[in-house]
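In: When you get a sec, could you give me coordinates for this:
(2 chains)
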Amino acid sequence: MSATKAGGKSAAKAAPRKAPKKASKRAPGLKDLDALVVGGGSFGTTIASLLAENDKRVALWVRRGEQAREINREHTNERYLTGFTLPAKVLATTDLESAVRAAPIVIVAIPTKSFREVTKSVGDYIQGDQVLVHATKGLEVDTFKRMSELLREETCCRKIGVVSGPNLAVEIMRGHPAGAVLASRYQEVIERVQGLFAGGRMRMYGGRDVIGTELGGAFKNIIALATGVSDGMGFGDNTKSLLMTRGLSEMVRFGVALGANILTFGGLAGIGDLMATCASPLSRNYRVGQGLAAGDRLDDIIERLGQVAEGVPTAAAVHSQAIDLGLDMPIVRVVHGMLYEGHTSTQALKDLMTIPVGDELAALRSD
Amino acid sequence: MDDRDKERAVVEVTHRVMDTYARDPRKVEQALFDTLYEERLRLRTEKDKDEVKSLVPYYKKIYSRARKASAGEQRELLGELINHFALEVSGHFDPRVYAVATRMMPTALTGLLNTMSPLKFLQGLPRGFDSMDDQLILQGEIEAFKDLAGKGTVVLVATHQSHLDSVMLGWALYRLGLPPFTYGAGMNLFSSKLLGFFMHNLGAYKVDRRKKAALYKDVLKTYAGCSIELGYHNMFFPGGTRTRSGAVERKLKMGLLGMGLDAYIHNLRAKRENPDVFVVPCTINYELVLEAETLIDDYLKEVGKGRYIITDDEFSKPRVVLDFVRKLFSLNSPIHLTVSRPMDVFGNMLDEEGNSIDQEGRVIDRRRYVYRNGRPAFDRQRDMEYTEELAEAIVDAFHRDTVIKATNLVSSAVFNLVREKNPETDLYKLLRTGGPDNSVVLPDTYRRIEATLRSLRRLADRGRIRLDKTVSRGDTVLMMGEALAHFQSFHQHPAMVRHGDRLYHEDRNLIYYYRNRLTGFGMKEVEAGP
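Out: Next comes the predicted model:
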């Protein structure tokens, strides 16, 4: 994969552009796959590209035929990864049934809003010996369920896992090295997914804490929104660091209350992801925060972004759950205020700065 | 189990248990000497002189051989010990009793029974056999349960509050016309003819809980697995022991539970014609629990530590059992035995045909859960996780099919009032002393009952719990009357008594015990502390 129109120098080999082929509804080659990626957004396409680059037979399921044709003919996905050429081996398809039946490992990368619906369709075809993993960082707003819970509810699969970590799609597409954690109750899932990425640019670590890995990935988006606001207001690194550290503290308290292992938040799915997302203008959530600081309306910001910023619905879900759990989470509260209660960034800052201060680590101590 | 199957089981058990150790000589050596140590230690205080006389020289001989043995010889000695245990376990399974028990009501056994025979026991009840039928309400997925028993091997897993549970299950199987289920019962349950009768009706084999050696436990577990594989329906209490606190089981013992899956994989690999193993959860709920006093006492004494085996509780005194059952019957107090929806060994629900279905109701091919490269295969870590998921499904079923009684609800209301009056007192002191005021006001209790009942009804409407007739009716005065009548009927000290407009909490441990049945359902009215 390479950057052909934007994104600076490429560290990866440029994929040769092949002569456009006529895309059929049932794409050829949909058998004996190594993996299927469900979802042709930026991260789904990035995962498929990584696997193809790693010489795996990979299919990418997308909803729209037009998008499938673009990927198969032009080897681009302009809407989500502007300016990048995808490896020619990425085989896009709209035929979910054939793709699911042909893939021993299915990786779902679908926004939370439509995650349940798409997963339910996957569930029509998938079987118990297949591995089902997701790479979606967020929670279902209405039910507060994690994505792995939706996979469990909507399919017969048990060998379920989650991929999470500091994985800004654009950086990966530029050919930069990256790492992530694959968490699952099942060692087989860890080993098989690690096998897909082995030897490539993505270092896939294993973990058993599914809850912590999912909550870390979802929660950091809220903190990224807050740091976006902070940067947008012209504050510097001290403020950003304050928000990130206190945000991490909220993430840990929230996660542990829901059964996560505290150590997970010190890993790639916790602080690792937090650092990448909160400091990078490539992060969609960070950009939403910047927009809010500029006084823009949320709807306008989202429209301008053209993609989903998971921190927006996740802030609503986490805020409501924190109240139920009796947890005081000031950063989540002010982000929620800005997103859903019309609070300004100045008001949010004032709220945060007037909270009484006490022992920094009091909430984390068990003694 | 017929003699041929018994022999097959012993061979298989010996072989399989041996396989888990044989590859590593250090493991063999450790298992061998640990077992000998545990057994010799046990025999030092064993009261059964015959056993001591026969086993001490036996173990001594093995020990002296083991000390000088090569790795290969140690393996042989370990095999001998495993075989010895396997024969012992299978030897207690008496095919004659099993055969007799499968017939109609075994009047032929009458002559064999002592003064507390089941017949006399039943004659001692107001209306004999009919009483039992009136009192034991069989409900839930009865037909599905019966159907499955003809389609595959059934593993019946039940909640466990009292030793009477085994009696109730034995009776239920008999009434449903099902053959006895194989059941690993503690030896103490065979001590009287009364209990022995019901144990045998369950097709029980004796489990010697005095034996602490891990090897013996491996043999027991593997024996259960082999019996499932050979098509013998099994029954066990996955909580491992009677619930001490009174709460519905949340943590289950994985070892025995996993044997259903183990048998299923063995069956698939052997391409058996009828490989399926089904799991049927079942709850048993009483208004009064025979051993409540002993159990809660043990819970409070030993909370956070290992439990000891209670050998001399209320159940070991047949007269007390009879008295208890008579009182339950005279109070017209139904015992609910609720059969939950059957599931496969992975915790998926089954449809009417016995197919596994997912949460969307789609039929799934359950065999593929254990496939690796297109073939059924064992995978220790995967199978442990599958069993964990099965346990989660069973715990869920246990909760959904728990039947809440008036004694539970009234106890919960009184306990909360006492706790609220003494917010600073820790639980143990509160249970011991009750605080400065030894009573609560009746109207407050009624209000509290109503509040908890509202939550219970919401749960019941969502199918998360069941309510018995009195509770469901919602008449708090009636509920109070029923609970008080029960509390005053049997326990040494009534949990509470009413004088005028006040309720005096006499035995708070009992109140706590009966109230604990409502915990674990996420009800704020129950779980919230002061």
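In: Point me to the residue of the stretch 51-200 of chain B nearest chain A.
Out: When Cβ to the nearest Cβ is the measure, the stretch 51-200 of chain B has its nearest residue to chain A at residue B:152, with 17.8 Å between them. Just so you know, the C-beta spots here come from the backbone N, C-alpha and C atoms, and that holds for glycine as well.
In: and that residue, how far is that from residue B:138?
Out: Residue B:152 sits 21 Å away from residue B:138 when distances are taken as Cβ to Cβ, to the nearest Å.
In: now residue B:256
Out: Going from residue B:256 to residue B:138 by Cβ to Cβ gives 25 Å.
In: Also residue A:67?
Out: Distance from residue A:67 to residue B:138, counting by Cβ to Cβ: 58 Å.
In: Equivalent analysis for residue B:403, please.
Out: Relative to residue B:138, residue B:403 is positioned 12 Å away (Cβ to Cβ).
In: same thing with residue B:206?
Out: Shown here: residue B:206 relative to residue B:138, a distance of 27 Å by Cβ to Cβ.
In: now do residue B:526
Out: Applying Cβ to Cβ, one obtains 28 Å for the distance of residue B:526 from residue B:138.
In: try residue A:34
Out: As judged by Cβ to Cβ, residue A:34 and residue B:138 stand 52 Å apart.
In: what's the answer for residue B:340, then?
Out: Counting by Cβ to Cβ - residue B:340 and residue B:138 are separated by 13 Å.
In: Settle it for me: which of those two has more neighbours?
Out: Neighbours of residue B:340 and residue B:138, each counted by other Cβ atoms under 10 Å in any protein chain shown, are more numerous for residue B:340; the result is 25 against 18.
In: Now that one: phi and psi?
Out: Residue B:340 adopts backbone torsions of phi -80, psi 170, taken as degrees, to the nearest 10.
In: ok, it - contacts?
Out: By Cβ atoms under 8 Å, 6 or more residues apart in numbering or on different chains, the contact set of residue B:340 is B:140-141, B:280-283, B:397-398, B:400-401.
In: Now which of these would you call buried?
Out: For these, a burial check counting by 16 or more other Cβ atoms under 10 Å in any protein chain shown picks out B:140-141, B:280-283, B:397-398, B:400-401.
In: and which of the residues you listed is nearest residue A:54?
Out: Ranking these by separation from residue A:54, with Cβ to Cβ as the measure, puts residue B:397 on top at 43.8 Å.
In: sec struct for that closest one, please.
Out: For residue B:397, the reduced secondary structure class is helix; criterion used: DSSP: H, G, I helix; E, B strand; the rest coil.
In: pretty sure it contacts residue B:341?
Out: Yes. A contact is recorded between residue B:397 and residue B:341 when judged using Cβ atoms under 8 Å, the distance being 6.9 Å.
In: what domains does the record give for the chain?
Out: Picked chain A for this. Structural domains of chain A, as assigned by automatic domain parsing, span the residue ranges A:2-208, A:211-364.
In: my question was about chain B
Out: Here the domain assignment for chain B is B:3-91, B:119-347+B:379-399, B:404-527, based on automatic domain parsing.
In: Now the residue of the stretch 151-300 of chain B found nearest chain A, what are its backbone angles?
Out: When scored by Cβ to the nearest Cβ, the stretch 151-300 of chain B has residue B:261 as its residue closest to chain A, at 11.8 Å. For residue B:261, the backbone dihedrals are phi -70, psi -40 (criterion: degrees, to the nearest 10).
In: show me the contacts for it.
Out: With contact set as Cβ under 8 Å, 6+ apart, residue B:261 has these partners: B:277, B:345-346, B:370, B:383, B:386-387, B:390.
In: please redo it, this time with the cut-off set to 10 Å
Out: Neighbouring residues of residue B:261 by Cβ atoms under 10 Å, 6 or more residues apart in numbering or on different chains: B:225, B:228, B:277, B:279, B:344-346, B:369-370, B:378, B:382-384, B:386-387, B:390.
In: List the buried residues of stretch B:212-221.
Out: For stretch B:212-221, a neighbour-count test (16+ other Cβ under 10 Å) marks B:213, B:215-216, B:218-221 as buried.
In: Next, format these as CSV and append secondary structure and distance to chain A.
Out: Written out in CSV, the entries for the buried residues of stretch B:212-221 read as follows (DSSP: H, G, I helix; E, B strand; the rest coil; distance: Cβ to the nearest Cβ, whole Å):
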residue, secondary structure, distance to chain A
B:213, coil, 30
B:215, helix, 27
B:216, helix, 29
B:218, helix, 23
B:219, helix, 28
B:220, helix, 27
B:221, helix, 22
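In: For those residues, give me CSV that also has pLDDT.
Out: Conversion of the buried residues of stretch B:212-221 to CSV gives the following (pLDDT from 0 to 100):
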residue, pLDDT
B:213, 91
B:215, 94
B:216, 93
B:218, 92
B:219, 93
B:220, 90
B:221, 90
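In: most residues in a single strand of chain B, which one?
Out: In chain B, taking DSSP state E as the definition, the longest strand is strand B:277-285.
In: partners of that strand, with directions?
Out: Next to strand B:277-285 in the sheet, as set by DSSP bridges, lie strand B:153-158 (parallel), strand B:335-339 (antiparallel), strand B:343-344 (antiparallel).
In: what's the next secondary structure element after the last one?
Out: In other words, strand B:343-344. Going down the chain from strand B:343-344, the next helix or strand is strand B:349-350, by DSSP states H and E.
In: Say whether chain A is contacted by that next one.
Out: No. Strand B:349-350 lies out of reach of chain A by Cβ under 10 Å from any Cβ of the partner chain, never closer than 11.2 Å.
In: Report the mean per-residue pLDDT for that strand.
Out: Averaging the model's pLDDT scores along strand B:349-350 yields 97.
In: How about stretch B:66-74?
Out: On average, the pLDDT along stretch B:66-74 is 92.
In: got the residue ranges for the helices in the stretch 51-200 of chain B?
Out: For the stretch 51-200 of chain B, the helices identified by DSSP state H, counting those that start in this stretch occupy B:71-91, B:95-101, B:118-123, B:128-135, B:142-149, B:164-175, B:193-201, in order along the chain.
In: in the longest one, what's buried?
Out: Right, helix B:71-91. If you call a residue buried by 16+ other Cβ under 10 Å, then helix B:71-91 has these buried ones: B:74-75, B:77-79, B:81-90.
In: The fifth one too?
Out: Along helix B:142-149, the positions that meet the burial threshold by neighbour count (16+ other Cβ under 10 Å) are B:144-145, B:147-149.
In: Just the C-alpha atoms of it, please, in CSV.
Out: Once non-C-alpha atoms are left out, helix B:142-149 reads as follows in CSV (Å, rounded to 0.1, in the frame of the first residue of the first chain):
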residue,chain,number,x,y,z
ILE,B,142,-40.9,-31.5,31.7
GLU,B,143,-41.9,-32.8,28.3
ALA,B,144,-38.7,-31.5,26.7
PHE,B,145,-36.7,-33.2,29.5
LYS,B,146,-38.5,-36.5,28.9
ASP,B,147,-38.0,-36.3,25.2
LEU,B,148,-34.3,-35.6,25.4
ALA,B,149,-33.8,-38.6,27.6
